[in-house]
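K.L.:
Structure for the following, please:
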Amino acid sequence: MPPSIKRYNLRQIFHPHIPKLQAHQFEGDETIPLVDLRHKMPPVYDQGDLGSCSANVLCAIYACDNPSLLGSRLFIYYNERSLHGSVSDDSGACLSDGIQALHTSGLCPETMWSYVDDKMRSTAFYSRTVESDIQNIS
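P.N.:
From the prediction side, this is the model:
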């Protein structure tokens, strides 16, 4: 394997509180065959060894519509884990957790809680640094 390719210790997490989703067929008069939104997306995030994929995705989606605010991925990831009482563990989360975390806790800028692994577990860092800069995005 080339040295530039990273291997991550990925695992599947099952959350029994999430309802099983079903695909729905939408009907419309006209469909657009191709839409390219890459020009609106931020650079690809590297989540490193943390299980924060949902927080990375949600920040990228948010930046797509609000390029002036790059949201804190660790802030979302902290609040996702807080929903399950697992703040001190790198327990991962799913998109519904991230959406709920954004809805209930808002979002702070990446400049206030940058993506550094050693800040992942810090409740003191969360309350001291971030509380005053949270933006309600609901």
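
K.L.:
which residue ranges form the helices in this structure?
P.N.:
53-65, 73-83, 95-105, 123-125 (DSSP state H).

K.L.:
List the residue ranges of this protein that fall below the pLDDT cut-off.
P.N.:
1-23, 117-138 (pLDDT under 70).

K.L.:
sorry, back to before: would you mind giving the helices of the chain as TSV with mean neighbour count and distance to Val44 added?
P.N.:
Placement of C-beta: from N, CA and C, glycine included. Listed next are the helices of the chain as TSV, based on neighbours: other Cβ atoms under 10 Å; distance: least, Cβ to Cβ, whole Å:
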stretch	mean neighbour count	distance to Val44
helix 53-65	19	8
helix 73-83	25	13
helix 95-105	18	18
helix 123-125	12	26
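
K.L.:
Dump those to JSON lines, plus distance to Gly28.
P.N.:
Shown next, in JSON lines, are these (distance: least, Cβ to Cβ, whole Å):
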{"stretch": "helix 53-65", "distance to Gly28": "23"}
{"stretch": "helix 73-83", "distance to Gly28": "33"}
{"stretch": "helix 95-105", "distance to Gly28": "25"}
{"stretch": "helix 123-125", "distance to Gly28": "47"}
